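**Student:** This is a predicted model, with the sequence first.
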Amino acid sequence: MDRTMAVLWVLVLLVAGAMGQDSLLNTCMDAKHHKAEPGPEGQLYGQPGLPRILHVPLCQEDCEQWWEDCRDALTCKDNWHKGLGLALRSVGALGSPPHRSPW
């Protein structure tokens, strides 16, 4: 009887302790790896990173080799700035060879 009563008291204390706290999903995480304030990620969403890839000098043989290597890949595109649109394309219609610059 004493053992059963002890188990019941432990269960009652556990339930009472759990009810007195917020749920784990409602607990604020306060650790050194969490931001104190929101960052600029919201303003950066959807912003293309064009300056990183515009006006990059490429050799013609590099472009031709790249096209031969990736011509049948689903991510191959002759102009990455205008979007891939892979959902609307078939495997056989993925674009033409890359534009060859005069330099």
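**Tutor:** Structure's in. What do you need?

**Student:** CA atoms for contacts and neighbours, from now on please.
**Tutor:** Fine.

**Student:** residues making contact with whichever helix or strand residue 15 is part of?
**Tutor:** Assigned by DSSP states H and E, residue 15 belongs to helix 2-20. Helix 2-20 has contacts (C-alpha atoms under 8 Å, 6 or more residues apart in numbering) with no other residue.

**Student:** What's the first helix or strand after it?
**Tutor:** Next helix or strand after helix 2-20 toward the C-terminus (DSSP H and E): helix 41-44.

**Student:** Could you pull out the buried residues of the helix holding residue 15?
**Tutor:** Residues of helix 2-20 classed as buried: none (neighbour count, 16 or more other C-alpha atoms under 10 Å).

**Student:** in the protein, which segments are predicted with low confidence?
**Tutor:** 17-34, 46-57, 74-103 (pLDDT under 70).

**Student:** related to what we said a few turns ago, output the helix holding residue 15 as PDB - backbone C-alpha positions only.
**Tutor:** The C-alpha coordinates for helix 2-20 follow below in PDB (Å, rounded to 0.1, in the frame of the first residue of the first chain):
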ATOM      1  CA  ASP A   2       2.800   2.400   0.800                       C
ATOM      2  CA  ARG A   3       4.500   1.800  -2.500                       C
ATOM      3  CA  THR A   4       1.300   2.400  -4.400                       C
ATOM      4  CA  MET A   5       0.700   5.700  -2.500                       C
ATOM      5  CA  ALA A   6       4.300   6.800  -3.200                       C
ATOM      6  CA  VAL A   7       3.800   6.200  -6.900                       C
ATOM      7  CA  LEU A   8       0.600   8.100  -6.900                       C
ATOM      8  CA  TRP A   9       2.200  11.100  -5.100                       C
ATOM      9  CA  VAL A  10       5.100  11.100  -7.700                       C
ATOM     10  CA  LEU A  11       2.500  11.100 -10.500                       C
ATOM     11  CA  VAL A  12       0.500  13.900  -8.900                       C
ATOM     12  CA  LEU A  13       3.600  16.000  -8.400                       C
ATOM     13  CA  LEU A  14       4.700  15.400 -12.000                       C
ATOM     14  CA  VAL A  15       1.400  16.400 -13.400                       C
ATOM     15  CA  ALA A  16       1.200  19.500 -11.100                       C
ATOM     16  CA  GLY A  17       4.700  20.500 -12.100                       C
ATOM     17  CA  ALA A  18       3.900  20.100 -15.800                       C
ATOM     18  CA  MET A  19       0.600  22.100 -15.500                       C
ATOM     19  CA  GLY A  20       2.400  25.000 -13.800                       C
END
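
**Student:** That concludes my questions; thank you for your assistance.
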